[in-house]
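**Q** with the sequence up front, the predicted model follows.
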Amino acid sequence: MTNIVNSEQIRLKALNNLWIHNRDWTEMAESGGPPVITSGEGIRVTDSEGKTWIDVNGGYSCVNIGYGRAEIAQAVYDQINKTPFCPIGTTTEVVINLAEKLAQLTPSDLNRVFFSTGGSEANETAIKIARAYHNRCGEPGRYRVISRRGSYHGMTGGVLWTGDGPAVHKADYGPGYPGMLHVPQPNPYRCEFDAQTESECAVLCAQAIEDTILFYGPETVSAFIGEPIAIPQGAPVPSKEYWPMVRDICNRYGVIMIADEVVCGFGRTGKMFGMEHFNVSPDIMTVAKGIISAYLPMAATIVSDQIADSFSGGESSLKHVLTNSGHPVSAAAALANISIIEKENMVDNAREVGEYFKSQLQGMVNDHPYIGDIRGIGLFLAMELVSDRETKAGFEPDIEVGTRLTDKFKERGLIFRARENILHFGPPLCITRQDVDEIVHAVDIVLWEFEGECGVGRLA
Ligand SMILES: Cc1ncc(COP(=O)(O)O)c(C=O)c1O
């Protein structure tokens, strides 16, 4: 453990030199941050002052196996001693083994794997493959990409323009990438079509994809990209009609279907991949986060044989190089991570403990007038807070609901960032029912306090 004086010095250094995601150093200084984490085990981390926290977000919904697994450290150590990297045009056995493992785990003919280092890169790669595929098929006019409002596919130059909504910060970076089209998110709680049932919402949202393809012309549309269940609007699970309809529409118009499994993949939803809930297989799947539980950077774009085959032979190869694509050390860590997920039945645990977690959250609804909706599946859960259940209205900006709740969770020992009025639960998949009870109890108290301060609820 670092002592308090050292801890203060480390924080000052951070304020001088470090640039953390979505934050600035003035803000960090004002809030006494950033907390500096020195160790972790399971779902808990310890900071430089010796305080232990529950990580309710599991990093960024990515530390699937939990913190502190020595097996990963050993695999990394062994691989660095063998081959930390390899010469141009070569590879290593461990990378080949990981590609084979991914081909075995994924459905149908998703057999060809391009590695990268993060979800954004994996999605950039998928979009490039989709466009290049159409070029090779003699349809160079197919460049447009359809994605959903309320989706998030990453922050790099191209994929930033897919998805939309407050989680995707585009304002500083225009003009946008050409050809990016957006359709509604099948979010039954806030359906853009004001549908009366979940099924109706799903059907109308899928239909909007076909309408968009027809409006712009199928000969201009390259790909559709979507997460099985999207994160920014808080895990809205589409009704069962949605994905099979999307699959049919993509088939009908020759549009490549890309499933972004960056969050859902590797057990988070209680199945190995999110699309398994819908019995649908994409043409391209992207994975990151849970593939390696974020112990090191690693991601992959997994492509169907049908598409990949067009990149083989003659001048057809994909012209796309990332220095750290297929990094042997990350591959060793990823294989060790997948082995832990499988041997310790973490996918089943996500399903079982996730059901318990959701039922405990649902049990709070009658006590808390601000709970608007509880949704999600497995350990991909969310609670949406509203100021009025009837109208589903959010909160005035001066209430600063996100910051206030996040601060209150800190007082209760939770690192749990509220994204405005949405609480997103994405803990490590090794979480137990007792851990869930601890989190739910803290959320209960925080909501009582918050509602009391706002003049509603029991403490008002
Ligand atoms: C669904 C989804 N896709 C892509 C990304 C981008 O991944 P990365 O931050 O590793 O680039 C994220 C990140 O949170 C994500 O949630």
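**A** Good, I have the coordinates.

**Q** how is this structure divided into domains?
**A** The record assigns the chain these domain ranges, following automatic domain parsing: 35-65+345-453, 70-343.

**Q** export those to a markdown table and tack on distance to the ligand?
**A** For every residue, glycine as well, the C-beta is placed using N, CA and C. Listed next are these as a markdown table, based on distance: least, C-beta to the nearest ligand atom, whole Å:
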| stretch | distance to the ligand |
| --- | --- |
| domain 35-65+345-453 | 5 |
| domain 70-343 | 2 |
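
**Q** to residue 17, which of those domains lies closest?
**A** domain 35-65+345-453 (13.3 Å; C-beta to C-beta).

**Q** show me what counts as buried in the longest helix that the chain contains.
**A** Among the segments of the chain that qualify as a helix by DSSP state H, the longest is helix 433-453. Buried residues in helix 433-453, defined by neighbour count with 16 or more other C-beta atoms under 10 Å: 435-436, 438-440, 442-444, 446-451.

**Q** quick check, nearest of the residues you listed to residue 421?
**A** Using C-beta to C-beta, residue 450 comes nearest to residue 421 of those, at 11.0 Å.

**Q** now for that closest one: which residues touch it?
**A** Going by C-beta atoms under 8 Å, 6 or more residues apart in numbering, residue 450 touches 370, 401, 404, 405, 408.

**Q** can you count the residues close to the fourth one?
**A** Okay, so that is residue 405. The tally of other residues near residue 405 (other C-beta atoms under 10 Å) stands at 23.

**Q** swap in the last one?
**A** Here the number of neighbours of residue 408 (other C-beta under 10 Å) works out to 20.

**Q** I'd say it and residue 447 touch.
**A** No. Residue 408 lies out of contact with residue 447 (C-beta atoms under 8 Å); the separation is 9.0 Å.

**Q** how about residue 424, phi and psi?
**A** phi -110, psi 120 (degrees, to the nearest 10).

**Q** residues contacting the closest residue to residue 445 other than its chain neighbours?
**A** Leaving out its chain neighbours, the residue that sits closest to residue 445 by C-beta to C-beta, 6 or more residues apart in numbering is residue 412, at 6.5 Å. By C-beta under 8 Å, 6+ apart, the contact set of residue 412 is 442, 445, 446.

**Q** elements contacting the lowest-mean-pLDDT helix or strand in the chain?
**A** Ranked by mean pLDDT, DSSP states H and E, the helix or strand of the chain with the weakest confidence is helix 4-17, at a mean of 85. The contact analysis (3 or more C-beta pairs under 8 Å, 6 or more residues apart in numbering; DSSP states H and E) places helix 4-17 against helix 25-30.

**Q** the helix or strand that comes right after the helix it packs on: which residues count as buried?
**A** Per DSSP states H and E, helix 25-30 leads on to strand 37-41 as the next helix or strand towards the C-terminus. Under the neighbour-count criterion of 16+ other C-beta under 10 Å, strand 37-41 has residue 40 buried.

**Q** name every strand pairing with strand 37-41 and say which way it goes.
**A** Looking at strand 37-41 with DSSP bridges, its partner strands are strand 44-47 (antiparallel).

**Q** next structured bit after the partner strand?
**A** strand 52-55.

**Q** give me the distance from that next one to the chain's centre.
**A** Distance of strand 52-55 from its chain centroid, counting by C-alpha atoms, centre = their mean, to the nearest Å, is 20 Å.

**Q** contact partners of it?
**A** Contacts of strand 52-55 (C-beta under 8 Å, 6+ apart): 35, 40, 43-47, 63, 67, 413-416, 427-428, 435, 438-439.

**Q** neighbouring strands - and their directions - for it?
**A** By DSSP bridges, strand 52-55 pairs with strand 44-47 (antiparallel), strand 414-415 (parallel).

**Q** can I get the ones you listed in TSV including distance to residue 106 and mean pLDDT?
**A** Putting these into TSV (distance: least, C-beta to C-beta, whole Å; pLDDT from 0 to 100) gives the following:
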stretch	distance to residue 106	mean pLDDT
strand 44-47	31	97
strand 414-415	32	97
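
**Q** picking that back up, which of the contacts of strand 52-55 are buried?
**A** Counted by 16+ other C-beta under 10 Å, those give 35, 40, 43-47, 63, 67, 414-416, 427-428, 435, 438-439 as buried.

**Q** would you list every one of the helices in this structure?
**A** 4-17, 25-30, 58-61, 70-82, 93-105, 119-136, 198-216, 242-253, 305-308, 328-343, 346-362, 401-411, 433-453.

**Q** can you give me the angle the fourth one makes with helix 93-105?
**A** Put simply, helix 70-82 runs at 140 degrees to helix 93-105, going by axes from the mean of the first three to the mean of the last three C-alpha atoms, to 10 degrees.

**Q** now the angle between helix 328-343 and helix 70-82, please.
**A** 150 degrees.

**Q** who does helix 70-82 touch, helix- and strand-wise?
**A** Looks like helix 70-82 contacts helix 328-343 (3+ C-beta pairs under 8 Å, 6+ apart).

**Q** which other residues reach the helix it packs on?
**A** Outside helix 328-343, the residues touching it (C-beta under 8 Å, 6+ apart) are 64-65, 69, 71-72, 74-76, 78-80, 82-86, 92, 94-95, 97-98, 101, 105, 115, 117, 266-267, 290-293, 295-298, 324, 346-347, 429.
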